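Asks: Structure, please.
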Amino acid sequence: MRFDVWFSEKGLYDNGQYEKAISILRDMGHVVEREGAVWFASSELGEDKDNVLVRTTRCPPTLPRTWPTTTTSSWSATSTA
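Replies: Predicted structure coming up:
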């Protein structure tokens with residue numbers, strides 16, 4: 001596995017990229033709210049379960065192992081393991 005760029009996950013929150021990604025997913029209809037949390041409806045895209053985006057404590061979790069990331073102009077799944 002090759003990583004093009006390494007950065008701190010904290011930077012996603014500090015520079016607003018996390019909120020921007022949530023907004024994009026919400027606009028695409030991939031965000032649902034249930035059980036007091038905000039979820040990425042990844043099961044609708046073929047995953048075995050949905051992933052929490054904002055916990056019931058209103059804190060974001062660490063990023064899931066597979067997370068959609070943008071590369072030039074297309075979506076791809078990037079594994080962090």
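
Asks: how about the lengthiest helix in the chain as PDB, C-alpha atoms only?
Replies: Ranked by residue count, the top helix of the chain under DSSP state H comes out as helix 17-27. Extracted in PDB, the C-alpha atoms of helix 17-27 (Å, rounded to 0.1, in the frame of the first residue of the first chain):
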ATOM      1  CA  GLN A  17     -13.200  19.600   5.700                       C
ATOM      2  CA  TYR A  18     -15.100  17.200   8.000                       C
ATOM      3  CA  GLU A  19     -18.200  19.400   8.000                       C
ATOM      4  CA  LYS A  20     -17.900  19.900   4.200                       C
ATOM      5  CA  ALA A  21     -17.800  16.100   3.700                       C
ATOM      6  CA  ILE A  22     -20.900  15.600   5.900                       C
ATOM      7  CA  SER A  23     -22.700  18.300   3.900                       C
ATOM      8  CA  ILE A  24     -21.800  16.600   0.600                       C
ATOM      9  CA  LEU A  25     -22.900  13.200   1.800                       C
ATOM     10  CA  ARG A  26     -26.100  14.800   3.200                       C
ATOM     11  CA  ASP A  27     -26.800  16.500  -0.100                       C
END
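
Asks: okay, now residue 45: neighbour count?
Replies: 10 (other Cβ atoms under 10 Å). Quick note: C-beta positions are derived from backbone N, CA and C, even for glycine.

Asks: doesn't residue 30 make contact with it?
Replies: Yes: between residue 45 and residue 30 there is a contact under Cβ atoms under 8 Å: 7.3 Å.

Asks: Which positions in the longest helix of the chain come out as buried?
Replies: Within helix 17-27, the residues that count as buried by 16 or more other Cβ atoms under 10 Å are 18, 21-22, 25.

Asks: mind putting those in TSV, pLDDT included?
Replies: Putting the buried residues of helix 17-27 into TSV (pLDDT from 0 to 100) gives the following:
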residue	pLDDT
18	85
21	89
22	89
25	92
